[in-house]
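**Q** what follows is a predicted structure for the sequence shown.
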Amino acid sequence: MLKMILATARDRARLAEISAILIRYGLQDVVRLLGLSGLIGKISGHTQPDDTRPLPERLCAALEEAGPTFIKLGQILATRSDLLEPAWTDALSQLHSSARPLPWHVLEPHVHQALGAAPETVFAWFDQQPLASASIAQIHRARLHGGQEVVVKIQRPELEKTLRADLRLLRFLAETIEQQSPELARFRPQQLVLHLDTALSQELDFCYEAANGERIREQFRDADEIAIPRIYWQWTTPTLLVQEYLPGTTPHNPQQLADAGFDGALLAQRGAAAFLKMVIEHRLYHGDPHPGNVMALPGNRVGFIDFGMVGHLSETRRNELLSLLHALSERDAGGIVNALIAWCEPGELSVTELELAASYFLDRQGSVPLQLGKALTDMLATARECCCLKRSSPPMGY
């Protein structure tokens, strides 16, 4: 069983750890699906007796416990409405990375090495208590000698070794699934792991994140209602990011926003318009705009932070998306079919099934005002049931 995976003691231990996590959340079927049935009886883990949550929620909890590689895998899957039903994508979209903070004395040598100087020579003030702590990095507030308020994002030491080991395991597991399960092979797990590898490689390079942020900041240079943090390149390295601090409020609770004097409807409108500008006009957009990465700023301004995960659209894909959105808004079944043809595998294409899917979708929508975001998700779900969309890349790009 998986002889190449079991070549080293390190891989065996990690594989057993991941399997134990899955079993603890009652996901033995996933362990079997991965071709690891032989491990079930050897692991002392057990299903949590009081965990009655739905299966998608239990999978999310398991992914969070398994660490950053699997959290990122879940976040990628959350974007795949073409593969998964809404119950799964909705649950996976709630995955946000968190981790126990590392003490400053552990991080300080790595900060010194990244800066090429002692932190006190670069910062006039540095808060050794973290502002936030995630599985990939820890965030601290600081002040430069010039008076600029900044945040410092510090990559966790030795992180890359763990991620590379996990990716090695996932590559072998994906290969095994494709060989042993024709039903699951159509989802192209090896291609999915390749997307994951690319995403993690980019997220581990804070210079990549900084460059993304700077490019999107340039998109909104004339938009006073949108704020993107300035990057301090002289202190930024692949493992350390220094950027402007945005003093904002996380929009988790609408009532909290209202109590703080914010106009929730205006913030939502500005945030949505900004996101559409990224997607439609510039074809480079924030890939993870959950409430922790979007902020309400004084004056009802909207701030975007954390550009470690971005989406890219080719001009062709952008035009296909626009065509589909136009067809949805016009309730044009023929236009919907034409747009979806470009998203289907040539060998699996059935125009008749696509026409039925489009008609069925429009019948379900009725005459109520169309909500384009929900309509796009529903259309993908309907098409997924009636035909096979391309598995090589997400319809929105990644």
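**A** Good, I have the coordinates. Residues are numbered from 1 along each chain as shown.
**Q** now do the helices in the stretch 151-300 of the chain.
**A** Counting by DSSP state H, counting those that start in this stretch, one finds helices in the stretch 151-300 of the chain at the ranges 159-180, 182-185, 189-203, 206-219, 254-259, 264-276.
**Q** any idea of the angle the last one forms with helix 206-219?
**A** I take that to be helix 264-276. Inter-element angle recorded for helix 264-276 and helix 206-219: 110 degrees (by axes from the mean of the first three to the mean of the last three C-alpha atoms, to 10 degrees).
**Q** related to what we said a few turns ago, between the helices of the stretch 151-300 of the chain, which one is closest to residue 357.
**A** Between residue 357 and the helices of the stretch 151-300 of the chain, the shortest gap by C-beta to C-beta is with helix 182-185, which sits at 20.7 Å. Every C-beta, even on glycine, is put in place using the N, C-alpha and C of the backbone.
**Q** and that closest one, what does it pack onto?
**A** The contact analysis (3 or more C-beta pairs under 8 Å, 6 or more residues apart in numbering; DSSP states H and E) places helix 182-185 against helix 159-180.
**Q** and the angle for the helix it packs on with helix 189-203?
**A** Angle, helix 159-180 to helix 189-203, by the same axes, to 10 degrees: 170 degrees.
**Q** so where's the stretch 1-150 of the chain shaky on pLDDT?
**A** When residues are selected by pLDDT under 70, those of the stretch 1-150 of the chain lie in 1-10, 35-51, 82, 97.
**Q** coming back round to it: let's have the helices of the stretch 151-300 of the chain in CSV, adding distance to residue 79 and mean neighbour count.
**A** Listed next are the helices of the stretch 151-300 of the chain as CSV, based on distance: least, C-beta to C-beta, whole Å; neighbours: other C-beta atoms under 10 Å:
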stretch, distance to residue 79, mean neighbour count
helix 159-180, 18, 17
helix 182-185, 19, 11
helix 189-203, 10, 18
helix 206-219, 17, 19
helix 254-259, 25, 12
helix 264-276, 14, 16
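**Q** tell me which residues of stretch 221-238 are tucked away?
**A** Residues of stretch 221-238 classed as buried by neighbour count (16 or more other C-beta atoms under 10 Å): 225, 226, 227, 228, 229, 230, 231, 232, 235, 236, 237.
**Q** now swap in stretch 284-297 and tell me
**A** 284-290, 292-297.
**Q** so of those residues, which ones are in strands?
**A** 284, 285, 286, 294, 295, 296, 297 (DSSP state E).
**Q** turn these into a markdown table, columns for pLDDT and distance to residue 214.
**A** Supplementary listing: those in a markdown table, determined by pLDDT from 0 to 100; distance: C-beta to C-beta, whole Å:
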| residue | pLDDT | distance to residue 214 |
| --- | --- | --- |
| 284 | 92 | 11 |
| 285 | 91 | 15 |
| 286 | 90 | 14 |
| 294 | 92 | 18 |
| 295 | 93 | 18 |
| 296 | 95 | 23 |
| 297 | 96 | 19 |
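**Q** returning to that earlier point: got a markdown table for the helices of the stretch 151-300 of the chain, with mean pLDDT and distance to residue 242 too?
**A** Formatted as a markdown table, the helices of the stretch 151-300 of the chain follow (pLDDT from 0 to 100; distance: least, C-beta to C-beta, whole Å):
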| stretch | mean pLDDT | distance to residue 242 |
| --- | --- | --- |
| helix 159-180 | 86 | 19 |
| helix 182-185 | 77 | 44 |
| helix 189-203 | 89 | 17 |
| helix 206-219 | 95 | 9 |
| helix 254-259 | 88 | 29 |
| helix 264-276 | 92 | 24 |
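**Q** out of the ones you listed, flag the one nearest residue 321.
**A** Comparing these under C-beta to C-beta, the one sitting nearest is helix 264-276, at 10.9 Å.
**Q** thinking again about what came up before, closest to residue 265 out of the buried residues of stretch 284-297?
**A** Nearest member of those to residue 265, counting by C-beta to C-beta, is residue 296, at 12.2 Å.
**Q** residue contacts, the closest one?
**A** Residue 296 makes contacts with 248, 249, 250, 251, 257, 260, 262, 267, 302, 303, as judged by C-beta atoms under 8 Å, 6 or more residues apart in numbering.
**Q** now the helices for the stretch 1-150 of the chain?
**A** Secondary structure of the stretch 1-150 of the chain (DSSP H, counting those that start in this stretch): helices located at 9-24, 28-33, 37-40, 55-66, 68-78, 86-92, 104-115, 119-122.
**Q** got the helices of the stretch 151-300 of the chain as a markdown table, with distance to residue 115 columns?
**A** Shown next, in a markdown table, are those (distance: least, C-beta to C-beta, whole Å):
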| stretch | distance to residue 115 |
| --- | --- |
| helix 159-180 | 18 |
| helix 182-185 | 47 |
| helix 189-203 | 21 |
| helix 206-219 | 13 |
| helix 254-259 | 36 |
| helix 264-276 | 33 |
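**Q** out of those, flag the one nearest residue 151.
**A** It's helix 206-219; of the helices of the stretch 151-300 of the chain, that one is closest to residue 151 (C-beta to C-beta) at 12.0 Å.
**Q** tilt between the closest one and helix 104-115?
**A** Going by the same axes, to 10 degrees, helix 206-219 makes 70 degrees with helix 104-115.
**Q** same for helix 206-219, what does it pack against?
**A** By 3+ C-beta pairs under 8 Å, 6+ apart, helix 206-219 packs against helix 189-203, strand 240-244, strand 284-286.
**Q** so can I have CSV of those showing distance to residue 158?
**A** Shown next, in CSV, are these (distance: least, C-beta to C-beta, whole Å):
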stretch, distance to residue 158
helix 189-203, 15
strand 240-244, 15
strand 284-286, 29
